[in-house]
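Undergrad: Model the following, please.
(chains A and B)
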Amino acid sequence: MTNISVDHLTGIKDLTQQDIELIFKTADSFKEVINRPIKKVPSLRDITIANIFFENSTRTRLSFELAEKRLSADVVNFSASGSSVKKGETLIDTVNNILSMKVDMVVMRHSSPGATEFLSKKVNARIINAGDGTHEHPTQALLDAYSIREKLGKVAGKKVVIVGDILHSRVALSNIYCLQKLGAEVMVCGPATLIPKYINQLGVKVSNNLVEALEWCDVANMLRIQLERQDIKFFPSLREYTMLFGLNKEILNSLSKEIVVMHPGPINRGVEITSDVADSKQSIILQQVENGVAIRMAVIYLLAAKIER
Amino acid sequence: MERQVILNEKHLELTLKRLSHELIESHLDFSQTVLVGLQPRGIHLVSHLKATLEKILKKPVTCGNLDVTFFRDDFRRRERPLIPSITNLDFSIENKKVVLVDDVLYTGRTIRSGLDALMTFGRPSKVELLVLVDRRFRRDLPIQADYVGKAVDTLISERVSVEWKETEGADKVVLFTKE
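TA: Now for the predicted structure:
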C-alpha cells in the first residue's frame, strides 16, 4: 500500500484503514520536518492551492496555509466575506473562476453539508474538505486520532468519549468514522436533545451522564456548543449545560484513572471545559494543533501525487 | 536476469576496512566529523562503517540517517507517491564535517536531494561523499564521490544491488544484467 485510494478528501467515510495509516506514517516524517531549523521542503514547488473559506476559521485556515507553505506550494486565499459570492455567484462558478487561474487543489470550508462532495464531482481539481456544515471535518478527525496514537502509542482498543453538541458537530461524525476504522471504541455523551436520534446505528455507545462516560473512557474529546448553528433552544441555559456536562478539575481528579483530555478548538473556557483542565498536563490541546500541520501536509502531499501533468 | 557478484563477503570486508582508513586519514579522530547515511539503503553501509571505525579508533563515531524523499526531483513523475523513511539526526551539523554515505552512486540525483535536505539542518563546514559502488559515466549531474569502494562501468539496462546480512542474508554486491 503506497498510494491513497481516494482522489479527493471529502470525508473520513471514504477512506480505508490503510489510507489512514499511510497518512499517519507520512505525517510522522512531516512532524520531523517541521521541527527542523528550516521547516520547509520543496516537494510541491509546482503546485498551486486555493483556500476557499465560506465560513469563519482561524486554526484550520492557518494550519492549512502553513502546511501548504511548508511544502513550498503557491497559496491563494479566498474568503466569502468581501467577495462576489455576495453578488450572487454560484459555488461552481466561483470555484471554476479560481481554477481557470491554474489552481491544482482546493481546500474548502462551506456551511452546507456535502458541498465538497458536490464540488469534487463538478470541477477539475483535487478537493480537500476543511469542514462542510454539520457533515464532516476529516483533517480534524485525522489529527485527533494521530494525537491519540502519539500520546497512548496506538488507537486500536482505546475508549474515546466525545462530549457535547454531537448533533451540530462535524468533528464528532468524522471522529466516529476515523476512530472506528482504527479499531477504537467510541461513546458520545451530551444532553439528549444534542444527540442525533439514530446515532447508535453507527455502532457508538450513548450516555447522558458525564461522570459515567469519563469513568469508561481513556480519552475525552470535549466539543464546543455551536450556538451559531442552533436555531432553537436545545437546553435551558449555558449555565445548566456547564453544570451537567462541563469538565472541571474536581471531576477529573475524582476519576479512578488518568484520562487524556482533547478539544478541537475554539475553546469556550468555563463552558465545556474549565481553564485549569484545558491547561493541565492531561490536556493535549496544543499538541493537537501542532499535529494538525503535519497531518495536513501529509494529506496534501499524498493527494498532490495524483495530480497529472 | 544474469547475476554477477562483483564484491563477495571477504572482498566487501576489505573494502570497508580500506574506506575506514581513508576516512581516518582525512578526519583523524572524528571529533568534528559525522557520518550521515541516505535512506533507505545508505543506512546499512553507515552502520557497517561505524562498527569498523569504532573498532579501529576505539571511541564512538557520531552517525545519523537522512531521508531525502521530500527533496527529490521526481515527485509526481512516478506512478506512486514517494513514501518517506525516517530521518534521525539527533545532533547539530553546524560547523561539522559531514560525510554523506550511500550504497550506489548512479545519476547523482539522490545525492543532490541529500545535499539540499542536509542544509535544512544547518550549515556544515564541509560535506564529503562516500559510496560503496560508483557507476561511472552514468551521471546526470556534476557530482563525484570523495571515497569510492568500487568503481564499475555499467549499462543503463543493468542494475547494481548492495546486499547485507541483516536484510538480504549475505554481504555482497551484485550486478544484474538483462539477457
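
Undergrad: ranges for the helices of chain A?
TA: Under the criterion DSSP state H, helices of chain A are mapped to A:17-33, A:59-70, A:91-99, A:115-122, A:138-152, A:170-181, A:210-216, A:238-245, A:249-254, A:275-278, A:285-304.

Undergrad: If I average pLDDT within each of those helices, which one is lowest?
TA: Ranked by mean pLDDT, the helices of chain A bottom out at helix A:91-99, with a mean of 87.

Undergrad: Packing partners of that helix?
TA: When contacts are defined as 3 or more C-beta pairs under 8 Å, 6 or more residues apart in numbering or on different chains; DSSP states H and E, helix A:91-99 packs onto strand A:48-53, strand A:105-110, helix A:115-122. Just so you know, the C-beta spots here come from the backbone N, C-alpha and C atoms, and that holds for glycine as well.

Undergrad: To residue A:213, which of those lies closest?
TA: Closest of the helices and strands packed on helix A:91-99 to residue A:213 is strand A:105-110, at 29.5 Å (criterion: C-beta to C-beta).

Undergrad: Quick one: residues in contact with the closest one.
TA: Contact partners of strand A:105-110, identified using C-beta atoms under 8 Å, 6 or more residues apart in numbering or on different chains, comprise A:47-55, A:57, A:60-61, A:64, A:68, A:73, A:91, A:95, A:98-99, A:115-116, A:119, A:123, A:125-133, A:300, A:303-304, A:307.

Undergrad: the inter-axis angle of that strand versus helix A:59-70?
TA: Here the directions of strand A:105-110 and helix A:59-70 differ by 170 degrees (axes from the mean of the first three to the mean of the last three C-alpha atoms, to 10 degrees).

Undergrad: So for residue B:116, what's the nearest residue that isn't a sequence neighbour?
TA: Leaving aside its chain neighbours, residue B:116 sits nearest to residue B:71 (4.6 Å; criterion: C-beta to C-beta, 6 or more residues apart in numbering or on different chains).

Undergrad: should've said residue A:102
TA: Nearest residue to residue A:102 in three dimensions, chain neighbours excluded: residue A:48, at 6.3 Å (C-beta to C-beta, 6+ apart).

Undergrad: From residue A:61, how far off is that neighbour?
TA: Going from residue A:48 to residue A:61 by C-beta to C-beta, to the nearest Å gives 17 Å.

Undergrad: So in chain B, which strand runs the longest?
TA: strand B:126-136 (DSSP state E).

Undergrad: In that one, which residues are buried?
TA: By neighbour count on 16 or more other C-beta atoms under 10 Å in any protein chain shown, the buried set for strand B:126-136 is B:127, B:128, B:129, B:130, B:131, B:132, B:133, B:134, B:135.

Undergrad: What separation is there between residue B:11 and chain A?
TA: Relative to chain A, residue B:11 is positioned 35 Å away (C-beta to the nearest C-beta, to the nearest Å).

Undergrad: is it true that that residue lies in a strand?
TA: No - counting by DSSP: H, G, I helix; E, B strand; the rest coil, residue B:11 is not part of a strand but helix.

Undergrad: tally of neighbours for it?
TA: 16 (other C-beta atoms under 10 Å in any protein chain shown).

Undergrad: quick one: it from residue B:131, how far?
TA: Computed with C-beta to C-beta, the distance linking residue B:11 and residue B:131 is 16 Å.

Undergrad: Please consider this matter closed, and thank you.
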